[in-house]
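In: Predicted model and sequence below, questions to follow.
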Amino acid sequence: MNRKVTHFAGTEIIDEYFVDVGWSELREKRNAALKETDWRFMSDQSPSEEWVTYRQFLRDLPENFSGDNANAACDAWHEYDIPE
């Protein structure tokens, strides 16, 4: 999830800015990301430690960035090195 918005005219950047993200939007996208990766944790799969750590990071976002820090949580998620 990325808060940075970039507007182009052809290949030239004409405007860049960050948008605010609310907790409801962040949780919605986080829940979708968890659901999309559930298959990696089925009984016939062996998820890597990176996937275990990433999913724990997603589950912990609201706790680790409580209050009005949805933007900080979004930025941390954007900077996270998501496993392949």
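Out: It's in.
In: pLDDT of the lengthiest helix in the chain, averaged?
Out: Identified as the longest helix of the chain according to DSSP state H is helix 49-64. Throughout helix 49-64, pLDDT has a mean value of 96.
In: just checking, what packs against that helix?
Out: Counting contacts by 3 or more C-beta pairs under 8 Å, 6 or more residues apart in numbering; DSSP states H and E, helix 49-64 packs against helix 23-36, helix 70-79. (Glycine included, C-beta is placed from N, CA and C.)
In: Turn those into CSV, including mean pLDDT.
Out: CSV is the format used below for the helices and strands packed on helix 49-64 (pLDDT from 0 to 100):
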stretch, mean pLDDT
helix 23-36, 96
helix 70-79, 96
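In: Could you single out the most deeply buried of the ones you listed?
Out: Ranked by average neighbour count under the criterion mean count of other C-beta atoms under 10 Å, the helices and strands packed on helix 49-64 are headed by helix 70-79 at a mean of 17.
In: which other helices and strands contact that helix?
Out: Under the contact rule (3+ C-beta pairs under 8 Å, 6+ apart), helix 70-79 is packed against helix 23-36, helix 49-64.
In: on that earlier part again, which stretch among the helices and strands packed on helix 49-64 comes nearest Gln56?
Out: helix 23-36 (10.5 Å; C-beta to C-beta).
In: returning to that earlier point: to Lys4, which of the helices and strands packed on helix 49-64 lies closest?
Out: Nearest to Lys4, of the helices and strands packed on helix 49-64 and by C-beta to C-beta, is helix 70-79 at 8.1 Å.
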